[in-house]
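1. mind looking at a prediction? Sequence and model below.
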Amino acid sequence: EDDLALLDLDEDDLDDLHGPAALPVLAVVGRPNVGKSTLVNRIIGRREAVVEDKPGVTRDRVSYQAEWSGRQFTLVDTGGWETDVMGIDASVAKQAEIAIDLADAVLFVVDATVGPTATDEHVVRLLRRAKKPVVLCANKVDGPRSEADATELWSLGLGEPHPVSALHGRGTGDLLDAAMKALPTETAHGVARADGPRRVALVGRPNVGKSSLLNKVAGSNRVVVDELAGTTRDPVDELIELKGVPWWFVDTAGIRRRVHQTSGADFYASLRTQAAIEKAEVAVVLVDASVPMTEQDTRVIQQVVDAGRALVIAYNKWDLMDEDRRKYLEREIEKDLVQIQWAPRVNLSAKTGWHAEKLVPALEHSLENWERRIPTGRLNAFLGELVAAHPHPLRGGKQPRILFATQVSTRPPRFVIFASGFIEAGYRRFVERRLRETFDFEGTPIEISVRVRE
Ligand code: GDP
Ligand code: GDP
């Protein structure tokens, strides 16, 4: 941090550089059409209209980084799945259940012009049982005359209803103030909690073998939680001992419940995946090796990278592979994973247990690199040599120079390079590649940002 002082950076710059570590999670819950998406859009300041009059439009993004009064948090939009098969009541209950699992506080939205419905009351019961902080939003209070509608919602027994018009922005400031009071400063399951067992998420699209692998590794290795003093337990996580070392397998309830078999499958799956990744320090993305890789596989991998978590890719169902398929697959993998050649791969079979023991060393290796810190001196010596041997191409007769670099965080490693001019994307990639080659960053995303100092 002393180096940063030299560069004349203030606290905000620093926050900015460190990025989101483990932001508390606020989940927006409520019946279809009460205005959840409108509210989410307003909070994150999104302009484009993703709101549709028709309920049940599946959106693929579910979590956003938001900020209010200088506090950052993760906002989870649980609206947007199909209700046709399950029926509204069951589907909203399901949504609330997931939101409760993954949130640190819940923003419960009710349509004040309709008043409390039986479904709303059902959700209230679930929320009460979960004992998470709840802030009640009485939405569609577009003007002073409809404030009376909001007071009716006292009857839900969740405390003060906050009258809001998500559409026009009325009352959203007060609502967010209340939400910030309810939201703990740290998430209950964030990566910031470095002590205790490591947290790993098993993710991947439906049917790749997550629950098979979980059962295989769990076997008789499940740890009775009381054995481990001082750990707070989230009921959706399981503690599993592997070679004498306990690991938290996060959100295994999501795997065991086989959420993908219900309607709105993709949406639940993606919500669960997101939640699991955010809780974990390292993610194992399972891929079915016996069939070609799909866009959905790539998307899960991308989710891990975007979340900045350590990564291991496991090619499962290896028992189904014959010699031909294996040869073919090697070529295929090269192509599919060209963007993330840094991710370690393990070929295994959850069914037979073949190579399952290779998983732990891969996880440990990725985690070690995820936490790697390169001393500023070494980093600049490396860059000095690199730049001398391979200078940045001339731009308009000028040569942008790298002045200084520092690693501002670990978990994952983030670097800031200070340069005398714009550094081209190609050159950045070159620097990243060399950085990865020189220091071992296998299994971790790394982030390099460039600041131009005149
Ligand atoms: P969701 O299904 O809960 O995500 O609800 P949406 O955000 O999609 O909103 C459903 C409908 O209610 C849309 O037509 C919105 O324009 C409308 N709506 C949302 N908030 C308000 C509000 O504060 N006032 C009024 N009058 N309409 C709103
Ligand atoms: P999940 O949806 O990702 O949890 O996948 P499951 O664990 O439920 O597995 C989906 C299907 O693939 C089941 O029929 C499993 O028996 C099968 N399966 C899982 N792992 C393997 C494996 O390593 N080899 C073979 N041959 N089948 C597997």
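-> Done, it's in. Ligands and ions are numbered 1, 2, ... in the order given.
2. how many other residues sit next to residue 118?
-> Counted with other C-beta atoms under 10 Å, the neighbours of residue 118 add up to 8. Any C-beta I mention is one placed from the backbone N, CA and C, and that applies to glycine too.
3. residue 404: what secondary structure?
-> Secondary structure state of residue 404, per DSSP: H, G, I helix; E, B strand; the rest coil, is strand.
4. which residues does it form beta bridges with?
-> residue 418 (DSSP bridges).
5. what's the answer for residue 310, then?
-> Beta-bridge partners of residue 310, as defined by DSSP bridges: residue 282.
6. verify the stated contact: it with residue 284.
-> No. With contact defined as C-beta atoms under 8 Å, residue 310 does not reach residue 284; the gap is 9.9 Å.
7. who has more neighbours, these two?
-> Each of residue 310 and residue 284 has its neighbours counted (other C-beta under 10 Å); residue 310 has more, 31 against 26.
8. so what's the more buried one up against?
-> Listed by C-beta atoms under 8 Å, 6 or more residues apart in numbering, the contact set of residue 310 reads 281, 282, 283, 363, 366, 367, 369, 370, 412, 443, 444.
9. nearest to ligand 1: which residue in the stretch 301-450 of the chain?
-> The stretch 301-450 of the chain approaches ligand 1 most closely through residue 303 (22.0 Å), counting by C-beta to the nearest ligand atom.
10. quick check, central residue of this structure?
-> residue 278 (3.7 Å; C-alpha atoms, centre = their mean).
11. surely that one and residue 101 touch.
-> No. Under the criterion of C-beta under 8 Å, residue 278 makes no contact with residue 101, lying 11.6 Å away.
12. are any of the contacts of residue 310 buried, and which?
-> Neighbour-count burial (16 or more other C-beta atoms under 10 Å) applied to the contacts of residue 310 gives 281, 282, 283, 363, 366, 367, 369, 370, 412, 443, 444.
13. filter those residues by proximity to ligand 1?
-> Checking those against ligand 1 by C-beta under 6 Å from any ligand atom, not one of them is in range.
14. now, these that are in helices?
-> 363, 366, 367, 369, 370 (DSSP state H).
15. picking that back up, does any part of the helix or strand that contains the residue of the stretch 301-450 of the chain closest to ligand 1 sit near ligand 2?
-> Using DSSP states H and E, residue 303 sits within helix 295-307. No. On the criterion C-beta under 6 Å from any ligand atom, helix 295-307 is out of touch with ligand 2, staying 11.0 Å away.
16. confirm that residue 137 sits in a strand.
-> Yes. Assignment of residue 137 by three-state DSSP places it within a strand.
17. which residue ranges form the strands in the stretch 101-250 of the chain?
-> Taking DSSP state E, counting those that start in this stretch as the criterion, the stretch 101-250 of the chain contains strands spanning 105-111, 134-139, 161-163, 198-203, 238-242, 245-249.
18. got TSV for the ones you listed, with mean pLDDT, mean neighbour count and distance to residue 357 too?
-> Listed next are these as TSV, based on pLDDT from 0 to 100; neighbours: other C-beta atoms under 10 Å; distance: least, C-beta to C-beta, whole Å:
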stretch	mean pLDDT	mean neighbour count	distance to residue 357
strand 105-111	95	26	40
strand 134-139	97	27	44
strand 161-163	97	24	53
strand 198-203	93	25	15
strand 238-242	85	20	9
strand 245-249	87	20	13
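19. nearest to ligand 2, of those?
-> strand 198-203 (8.2 Å).
20. between the ones in helices among the buried ones among the contacts of residue 310, which sits nearest ligand 2?
-> Of those, the one sitting nearest to ligand 2 (C-beta to the nearest ligand atom) turns out to be residue 363, at 18.2 Å.
21. touching, that closest one and residue 281? I think so.
-> No. The criterion here is C-beta under 8 Å, and residue 363 misses it with residue 281 at 9.2 Å.
22. now the common contact residues for those two.
-> The contact sets of residue 363 and residue 281 overlap at 198, 200, 310 (C-beta under 8 Å, 6+ apart).
23. which parts of the stretch 301-450 of the chain are strands?
-> Per DSSP E, counting those that start in this stretch, the stretch 301-450 of the chain carries strands over the ranges 310-316, 345-347, 402-409, 414-419, 447-452.
24. does the second one reach ligand 2?
-> It stands for strand 345-347. No. Counting by C-beta under 6 Å from any ligand atom, ligand 2 has no neighbours in strand 345-347; the shortest distance is 10.3 Å.
25. mind giving me the packing neighbours of that strand?
-> When contacts are defined as 3 or more C-beta pairs under 8 Å, 6 or more residues apart in numbering; DSSP states H and E, strand 345-347 packs onto strand 310-316.
26. same question for the strand it packs on, mean pLDDT?
-> Strand 310-316 shows an average pLDDT of 97 in the prediction.
27. next, the angle from that strand to helix 295-307.
-> Angle, strand 310-316 to helix 295-307, by axes from the mean of the first three to the mean of the last three C-alpha atoms, to 10 degrees: 160 degrees.
28. need the helices for the stretch 1-150 of the chain, in chain order.
-> For the stretch 1-150 of the chain, the helices defined by DSSP state H, counting those that start in this stretch cover 2-6, 11-18, 36-44, 88-102, 118-130, 147-151.
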